[in-house]
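[1] Here's my sequence, what's the structure:
(one chain, ligands or ions: 1)
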Amino acid sequence: MPRSPISLLSRTDFNGDLLDEELFLRTFHQLMEEHGYVQVCNVPNDFDYVRFCQSLGRFVPNYTGAVIGDVRPEPGMDDVYHAGNTRPLTPHSEGYDFSVLPPRYIALWCVTPAQGPGGETTLADTTDWVAALEEDERAWLQNTEYEWKTTEGVNRLGLDLHTKHPILEDHPNGRIVRFSCNNLIRDDDDLSARVQEHWRHRFDEEHVAIHYQRNDMLVWDNWRLLHARNAFSDRSRHLRRIQVAAA
Ligand SMILES: [Fe+2]
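    Below is the predicted model:
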């Protein structure tokens with residue numbers, strides 16, 4: 001059984017009135033610091049997602065150039081590994097295929113929830129996984145520049161991205177973890193292959209599953225947490241998406 005998320009923040013207070021905005025922001029940042037993600041619930045229809053995300057940092061455009069992206073099944077994309085269909089996604093971080101730093105935060109909000117089972121965004125924290133590495137393993141993952149490619153779905157949009165980055169990178173604002181089960185180019189006997197297998201197993205064991213109600217917003221620290229998605233069948237499922245750059 002997947003765990004339920006415990007980092008939940010209500011946009012409204014106990015009376016059902018909007019929570020004071022300053023208090024809302026303060027609690028948001030406390031929960032983010034503690035858990036690395038926040039699911040915001042009880043969100044009114046007129047909530048300004050874009051303005052809220054602007055308070056987190058500068059926006060990074062999505063692959064298509066759209067700054068506010070749509071995540072929903074797209075025509076002709078059912079046969080590839082891609083967010084724009086109904087298939088599962090394996091644990092990954094966002095932006096390993098960017099030449100710049102990966103986005104710090106990813107925000108998703110729910111326009112139309114999926115009817116029926118599936119469609120949860122799943123998340124797990126890598127902090128303990130990195131701490132559990134042997135010192136020489138951690139040094140290897142920090143000092144080895146791996147090649148990364150982009151997903152089949154993004155290829156089909158006409159983008160063929162190739163980057164070189166380590167899996168672990170220490171940055172003044174925190175540790176960056178880059179991870180993919182399918183787009184990291186490595187030899188089968190490389191340490192990264194064992195890390196992929198082990199972390200995928202730990203993700204399966206430890207993830208929380210975010211089930212969206214209409215208007216819910218999920219924000220996570222993409223330097224620290226991995227995310228994935230459960231398959232679903234309702235093609236009307238629709239999320240919107242903003243990537244926020246490192247401060
Ligand atoms: Fe993703």
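[2] Tell me how many other residues crowd residue 29.
    Burial measure for residue 29: 13 neighbouring residues, criterion other C-beta atoms under 10 Å. Where C-beta positions appear, they are placed from N, C-alpha and C, glycine not excepted.
[3] Ramachandran angles for it?
    When quoted as degrees, to the nearest 10, the phi and psi of residue 29 stand at phi -70, psi -30.
[4] May I ask which helix or strand of this protein has the lowest mean pLDDT?
    Of the helices and strands making up the chain, the lowest-confidence element is helix 152-156, at a mean of 87, by mean pLDDT, DSSP states H and E.
[5] Pull out the C-alpha coordinates of it and format them as PDB.
    What follows is helix 152-156 as a C-alpha-only set of coordinates in PDB (Å, rounded to 0.1, in the frame of the first residue of the first chain):
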ATOM      1  CA  GLU A 152      11.100   9.400 -26.400                       C
ATOM      2  CA  GLY A 153       8.100  11.800 -26.000                       C
ATOM      3  CA  VAL A 154      10.300  14.900 -26.000                       C
ATOM      4  CA  ASN A 155      12.200  13.500 -29.000                       C
ATOM      5  CA  ARG A 156       9.000  13.300 -30.800                       C
END
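[6] tell me what the very next helix or strand once past that helix is packed against?
    Using DSSP states H and E, the helix or strand that directly follows helix 152-156 along the chain is strand 162-165. Using 3 or more C-beta pairs under 8 Å, 6 or more residues apart in numbering; DSSP states H and E as the contact criterion, the secondary-structure elements in contact with strand 162-165 are strand 146-149.
[7] Give me the helices and strands touching the strand it packs on, please.
    Helices and strands touching strand 146-149, as assessed by 3+ C-beta pairs under 8 Å, 6+ apart, comprise strand 162-165, strand 184-185.
[8] Brilliant, that's me finished.
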